[in-house]
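Need coordinates for the following:
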Amino acid sequence: MHKVIIKTMKTILSILIFILISITSFGSLEVYFMYSTFNSPDGPYIETYLSTIGNSAKFVKKTNGNFLAELEITMIFRKADSVIAVNKYTLNSPEIKDTAANKPNFIDLQRISLPNGIYNFELQIRDINSEQKAYILTDIINIDYSPDKLQFSGTQLIEAISPTKELSPLTKNGYELLPYISNFYPSNFHKLSFYTEIYNSDKIINDDFMVRYYIERFETYQEVETYSRFKKLNAAAVVPLIGELNIATLPSGNYNLVMEVKNKTNETMLKTKFFFQRSNPEMDPTTNLADLIAETDINSSFTGDMSSADSLRLYIACLRPIADMNERNFIDYQLKSASVDVLQNYFLEFWLKRNNVEPEELWRQYKEQVEFVDRNYRTPINRGFETDRGRVYLQYGVPNDIYVSKHEPSSYPYEIWHYYRVLNENNKKFIFYNPNIAGKEYELLHSDLTGEIKSPNWERLLSKRNNALYNHDDHNSDDSWGSRAKQEYDR
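Next up, the predicted model:
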């Protein structure tokens, strides 16, 4: 599942604390895009969802006197150098009689048959009535459905559900499903609804089974209490599942929607996760630091010997890469002014939440990693854990492969980190580069991991020293002689 918002960076960053999506500037056009994959008796297919904010598109007067916005959409699916499928069409808005009023938003849903495989996907969106060039999004899509394995389809988020007997692009299994084209839920949304399919339960389970779905915290994988439901389902080749959770009191944070298939003995047969973010300031918990201090005997804990405020602040600051949103709030806003007692309690509670049997041992292991990134990534400006490479190392662990390039004639010094598996995602890459050339201050330029910054034109930015960036929509370098970046990234 992927989403892109075509909107200015400044506006988005002022709203979101955690960057979960690819964001780029594209004039004034604002479009939300997501996709999911499904299987069927006729073979696999991808379902794409696109929502356009009406006020951001250019409406022009037609011969009938009404006003209309028109987008040219092009989807290209490639394997290696071969084009496997192309879907090009014009997306029209509803017609309106007056452009002075708010212009209507409009959505689009497409289904494209694709055999199993790994595809290089390219989406081009162009406002036909505007002089702006087409925005281009690229991604890698993996379709891998088997006739003999218990599997989930992708997950479609839903804004509204209604029974229907009429067929339309929005209908599935007797329901009209209006897609919710975002994985960000503001406070005025009180429900999280979704649709998914379970395949081959008749072959693998061949009996009634249960599906349990619940919410867990993204950073710690801890289940959030009271946000859990069960459904009993009958085995079949394709079993549709429509689920709903009331999130009215869910605090702000980063979460996973988790879905599990369980047999009659409560054995988990299959699990999948879907990332989303919630903003709900009125429900955010507040920490009563006075109560926190009273609850714990610091002297008998491993933090009792930590009496230096400066050392404690440094120890707590280095926890930021693995802290959850509420823990980061303390680090960002209260760390400098907190007393030694408060710092000791915060530090102890942090590790007790992660290991209430041996919290000191867990801290010792983490401290070794902090010392490692400090030796390797520290700069005259930042400690190792404050650098992008140090943060990624601490947050996601040791990469499986690292490609280092320092002297290519066309590129800044760069590193490509490859994780075979990180969190619940496979085959993820991070590109760090040093635009200053000298020193060790490498910046994260691009990653395809959910929640990290995405720069579709990363290859061009990497070669900026030899390229004019007069066209920010171009992705490829003008002159990539001697560069192996794209080759190593695609490897």
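
Return the residue spatially closest to N55, with its sequence-adjacent residues excluded.
Excluding the flanking residues, the one nearest N55 by CB to CB, 6 or more residues apart in numbering is K103, at 5.1 Å. Every residue, glycine included, has its C-beta placed from N, CA and C.

How much space separates the one you found from I53?
Using CB to CB, to the nearest Å, K103 is found at 9 Å from I53.

So if I had to pick from these two, which one is more boxed in?
Legend: neighbour count by other CB atoms under 10 Å for K103 and I53, higher for K103 (21 against 18).

ok, that one - contacts?
The contact partners of K103, by CB atoms under 8 Å, 6 or more residues apart in numbering, come to G54, N55, A57, F59, A69, S93, I96.

now the strands: where do they sit in the stretch 1-150 of the chain?
With DSSP state E, counting those that start in this stretch, the ranges of strands along the stretch 1-150 of the chain come out as 4-6, 22-24, 31-38, 45-52, 59-61, 67-79, 82-92, 106-113, 117-127, 135-143.

Would you reformat the ones you listed as a markdown table and include mean pLDDT and distance to K428?
Shown next, in a markdown table, are those (pLDDT from 0 to 100; distance: least, CB to CB, whole Å):
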| stretch | mean pLDDT | distance to K428 |
| --- | --- | --- |
| strand 4-6 | 39 | 18 |
| strand 22-24 | 33 | 14 |
| strand 31-38 | 92 | 18 |
| strand 45-52 | 94 | 20 |
| strand 59-61 | 94 | 40 |
| strand 67-79 | 95 | 20 |
| strand 82-92 | 96 | 23 |
| strand 106-113 | 95 | 25 |
| strand 117-127 | 92 | 14 |
| strand 135-143 | 84 | 10 |
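
L445 is nearest to which of these?
Nearest to L445 among those is strand 22-24; the distance by CB to CB comes to 13.1 Å.

can you count the residues close to the residue lying closest to K61 once chain neighbours are set aside?
Distance criterion CB to CB, 6+ apart; nearest residue to K61, sequence neighbours excluded, is F67 at 5.5 Å. With neighbours defined by other CB under 10 Å, the count for F67 comes to 18.

Is F67 in contact with E95, as I believe?
Yes. Counting by CB atoms under 8 Å, F67 does reach E95; the two are 6.8 Å apart.

Show me how the record splits this structure into domains.
1-145, 148-285, 286-388, 399-490 (automatic domain parsing).

mind checking how far V342 is from N355?
Taking CB to CB, one finds V342 at 22 Å from N355.

between these two, who's got more neighbours?
Neighbours were counted for V342 and for N355 using other CB under 10 Å; V342 has more, 20 against 13.

if I've got this straight, the more buried one is in a helix?
Yes. Counting by DSSP: H, G, I helix; E, B strand; the rest coil, V342 is located in a helix.

would you list the strands of the stretch 1-150 of the chain in CSV and tack on distance to D324?
Conversion of the strands of the stretch 1-150 of the chain to CSV gives the following (distance: least, CB to CB, whole Å):
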stretch, distance to D324
strand 4-6, 24
strand 22-24, 23
strand 31-38, 25
strand 45-52, 29
strand 59-61, 44
strand 67-79, 37
strand 82-92, 39
strand 106-113, 33
strand 117-127, 32
strand 135-143, 28
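
Nothing else from me, thank you.
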